[in-house]
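In: Sharing a model that was predicted from the sequence below.
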Amino acid sequence: MMSRLRFIDRWALMRNSMSENLSEHSLEVAMLAHALAVIGNKYFGKELDAKQAALIGMYHDATEIITGDMPTPIKYFNQDIREAFQAIEANAAYRLVMLLPEELQPEFREIFEPSLCYEYEKRLVKAADKLSALIKCIEEAKAGNREFVQAEQATLEAVTAMKLPELEYFMKNFLPSYYKTLDELQ
C-alpha cells in the first residue's frame with residue numbers, strides 16, 4: 001500500500017510546471033521535519049527526537065493512499081468538513097495499521113494514531129508540511145508559473161503565523177537558498 005504514494009499527485013486544482021506526487025512530498029517533509037528538530041535541539045536547547053520527527057514526516061500523508069489528496073481549500077472550507085475529513089483520515093490510518101501483522105501494529109500506531117507522545121515533533125511535521133508547500137510555490141514561481149503567486153503569499157503567511165523558533169530560524173537561514181539557481185548555490 002505504501003508504494004502507492006507515488007501514484008497520488010498533489011496540487012490537483014492548479015496548473016503545475018513540475019508535477020509532484022505524495023512519495024516525493026513525504027520525503028521532503030521528512031527531511032524538513034528532521035532539520036527543524038535538529039535546529040530546535042542545537043539552537044533552542046530542546047530535546048526533540050529528530051529521527052522520530054523524520055519518521056512521522058515520512059508517513060504523514062499515508063492515509064491519502066485511501067482518501068486521495070483532498071485540496072486544502074475544500075478540506076478546510078468549514079468546521080463540519082474539517083471534522084468529517086479528520087474522521088475519514090483516522091479511519092484510513094486505522095485501516096492501514098490493520099493491514100499489518102499484529103506484532104507490527106504497535107510500532108505503526110505510534111506514527112498513525114494521534115497520541116500525546118511526540119507532540120512537539122508532530123507540530124514540526126505540520127510546519128515542515130507547510131514549508132514544503134511554500135517551497136513548491138517558490139519553485140513554481142521561479143519556473144514562471146504565476147498560478148502559484150497567490151498560494152505562495154497565503155502559504156508564507158500561514159508558515160509565519162505558526163510562530164515556531166525552529167521554523168523562523170530555517171526561514172531566515174535556509175529559505176533564501178530556494179530562490180537561487182544551482183549555479184548561485186555553489
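Out: Received, thanks.
In: Thr67: neighbouring residues, count only.
Out: Residues near Thr67, counting by other CB atoms under 10 Å, number 16. No exception for glycine: its C-beta is placed from N, CA and C like everyone else's.
In: do the same with Glu47
Out: Count around Glu47 with other CB under 10 Å applied: 8.
In: Could you do Ala161 as well?
Out: Close neighbours of Ala161, defined as other CB under 10 Å, add up to 8.
In: For it, which residues are in contact?
Out: By CB atoms under 8 Å, 6 or more residues apart in numbering, the contact list for Ala161 is empty.
In: Any buried residues in stretch 16-31, and which?
Out: Neighbour counts using 16 or more other CB atoms under 10 Å place 16, 20, 22-26, 28-30 of stretch 16-31 among the buried residues.
In: Give me the subset of those lying in helices.
Out: Among those, DSSP state H puts 22-26, 28-30 in helices.
In: Now do stretch 168-181, average pLDDT.
Out: Averaging pLDDT along stretch 168-181 gives 96.
In: Any chance you could list what contacts that stretch?
Out: 32, 35-36, 39, 43-44, 131, 134-135, 138-139, 142, 159-160, 185.
In: Endpoint to endpoint, that stretch covers what distance?
Out: Stretch 168-181 stretches 23 Å from its first residue to its last (CA to CA, to the nearest Å).
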